[in-house]
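J.: sequence first, then the predicted structure, then my questions.
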Amino acid sequence: VELVEGCRLPVLRKNQENEDEWPLAEILSVKEVPGKKLYYVHYIDFNKRLDEWVTPDRLDMKKLQFPKKEAKTPTKNGLPGSRPSSPDRDVLLLKQVPTIVKKDIKRKSLDLNLQSASAPSRGKTLPTPKRKAESVSLTSQGSAAPSVPSLPSSAEAPQASVFPAVVRESFSNKSREEHEQLTVAAYSAPHPSVSQRPQAWLSTNGTTRRLVPSQPGRKRKNCGTDEDSQDSLDGIPSAPRMTGSLVSDRSHDDIVTRMKNIDCIELGRHRLKPWYFSPYPQELTTLPILYLCEFCLKYLKSLKCLQRHLTKCNLRHPPGNEIYRKGTISFFEIDGRKNKTYSQNLCLLAKCFLDHKTLYYDTDPFLFYVMTEYDSKGFHIVGYFSKEKESTEDYNVACILTLPPYQRRGYGKLLIEFSYELSKVEGKTGTPEKPLSDLGLLSYRSYWSQTILEILMDLKSDNGERPQITINEISEITSVKKEDVISTLQYLNLINYYKGQYILTLSEDIVDGHERAMQKRHLRIDPKCLHFTPKDWSKRGKW
């Protein structure tokens, strides 16, 4: 029987316990090598980073499933169909922003009481707990509370350091040099040009924007949109954009982009095995090793080319301003407009370890914060996060990544903590761009839990009175958005409904677990070492 793309069958692989298992897998590609065939398989319901080339002896031909022909989804007016939205999550509305009161802390347990308001609540209410709990009566402030998304009940997972990234396609025309350097034509189906579309609409990442028709006799390099209508009739270009959508559009996925195309990347003293597809030039994807300069991130085809490049590369740290240094850890702020080439190379590297995103060439609306580790040879990249210069959704992180050699060492939480320190200096509350990946949600949830519990545990009583704190105050102290504070309290099962009122209960397990986690967290951000002045990008014009 000849196996073709789309066939499904069990494939032998090793699990985490190094035991044999036969999960169902789909064949994405077939290639012939001298003497045998190799099959590129994706394990159904497993992460794409586990996809691999396998030999025929690992295939179970007895349970072979041939691909079924599926009818194409009809589209309206020739435009590509949008992807279905995520299922709605149950929403829970608190009756008010509760006031939190803490008794004198003992090693065993801590009960915090939240008295409910007399006004009727909307939406779902918290069920009355069956277990007995001691509560403390108190008065509470009556104010509207934000909606709280329900969270799945799952055990806390170890810290993960890879999160969704900022990477998005740009419809603007590139110069010939940029196009030759960052071409992706070999990997994706060509998009129809705007002039070929019958309707005067431009669809980007699932959103549609109206095209602004060109004025007679006026030359325009790029197709215009409402956002570009700042252009005056005398041909003066508009100011660079300061916002951008970071949500991936999966409607143009194909078999090629579902397969890893780089075998190995050499970055400084590390060799990295990519997890996902990244649109590096096609001629480089056939090489056994792709070489990157660890300071400017330029990609080269051979070790000799890299050695020659290093004799000419003057960088020993990322471009931009160093805004933080403590010990060997430094952070550099990089403007996506001023350092476009570096930002694009950074996104290309990040795409190797970030799924569900498309490469983002138009880096103008973003700032990149690169974390480095210093030694005698220079500043070596550890990870980074990016953020919009102007975010209408209060996002303080667009994408965030810790490179694999530095994962599970506390650098992920350090990146998250640094993003919130910037929000504190800006005087804002922030949240990461939604939706979060599964690993991203676990890591942020871990950081939120430790940060909020740290606030609650440090509350002191004055003059014998019970200490009080509101969710708004927690949000202001930590710069964590109110919705994230409430969802974290729910995830930790701290909010309970008891005798007509809301209470927060800190059990002995929660307290002990928090103390153990904080003892392992050695890397912290020192606000005194941060030298950062926020900019008002709305008033900077063309900056």
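T.: On my side now, so go ahead.

J.: how about low-confidence regions in this protein?
T.: Applying pLDDT under 70 to the chain flags residues 70-255, 356-360, 466, 540-543.

J.: and the lengthiest helix in it, what does it pack onto?
T.: Using DSSP state H to assign secondary structure, the helix with the most residues in the chain is helix 438-457. Applying 3 or more C-beta pairs under 8 Å, 6 or more residues apart in numbering; DSSP states H and E, one finds that helix 438-457 contacts helix 411-426, helix 471-478, helix 482-491, strand 501-506, helix 508-520. C-beta: built from backbone N, CA, C; applies to glycine.

J.: now those in a markdown table, with distance to residue 367 and mean neighbour count?
T.: A markdown table is the format used below for the helices and strands packed on helix 438-457 (distance: least, C-beta to C-beta, whole Å; neighbours: other C-beta atoms under 10 Å):
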| stretch | distance to residue 367 | mean neighbour count |
| --- | --- | --- |
| helix 411-426 | 9 | 21 |
| helix 471-478 | 22 | 18 |
| helix 482-491 | 22 | 21 |
| strand 501-506 | 37 | 22 |
| helix 508-520 | 30 | 13 |
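
J.: is it possible to export these to JSON lines including distance to residue 2?
T.: Formatted as JSON lines, the helices and strands packed on helix 438-457 follow (distance: least, C-beta to C-beta, whole Å):
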{"stretch": "helix 411-426", "distance to residue 2": "45"}
{"stretch": "helix 471-478", "distance to residue 2": "59"}
{"stretch": "helix 482-491", "distance to residue 2": "50"}
{"stretch": "strand 501-506", "distance to residue 2": "62"}
{"stretch": "helix 508-520", "distance to residue 2": "53"}
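
J.: how about the helices in the stretch 301-450 of the chain?
T.: 303-312, 340-351, 411-426, 438-457 (DSSP state H, counting those that start in this stretch).

J.: how is the chain carved up into domains?
T.: 8-63, 100-154+451-522 (automatic domain parsing).

J.: got the CA coordinates for stretch 498-517 in PDB?
T.: What follows is stretch 498-517, C-alpha atoms only, in PDB (Å, rounded to 0.1, in the frame of the first residue of the first chain):
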ATOM      1  CA  TYR A 498     -20.200  31.500  52.700                       C
ATOM      2  CA  LYS A 499     -23.200  32.600  54.700                       C
ATOM      3  CA  GLY A 500     -24.300  35.200  52.300                       C
ATOM      4  CA  GLN A 501     -20.900  36.800  51.700                       C
ATOM      5  CA  TYR A 502     -17.700  36.300  49.800                       C
ATOM      6  CA  ILE A 503     -14.600  35.200  51.700                       C
ATOM      7  CA  LEU A 504     -11.000  34.600  50.800                       C
ATOM      8  CA  THR A 505      -9.500  31.600  52.400                       C
ATOM      9  CA  LEU A 506      -5.800  30.900  52.500                       C
ATOM     10  CA  SER A 507      -5.200  27.300  53.500                       C
ATOM     11  CA  GLU A 508      -2.100  25.900  55.000                       C
ATOM     12  CA  ASP A 509      -1.200  24.200  51.700                       C
ATOM     13  CA  ILE A 510      -1.500  27.600  49.800                       C
ATOM     14  CA  VAL A 511       0.700  29.400  52.300                       C
ATOM     15  CA  ASP A 512       3.400  26.600  52.500                       C
ATOM     16  CA  GLY A 513       3.400  26.200  48.700                       C
ATOM     17  CA  HIS A 514       3.900  29.900  48.200                       C
ATOM     18  CA  GLU A 515       6.800  30.100  50.600                       C
ATOM     19  CA  ARG A 516       8.500  27.100  48.900                       C
ATOM     20  CA  ALA A 517       8.100  28.700  45.500                       C
END
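
J.: I'd say residue 306 and residue 297 touch.
T.: No - counting by C-beta atoms under 8 Å, residue 306 stays clear of residue 297, with 12.0 Å between them.
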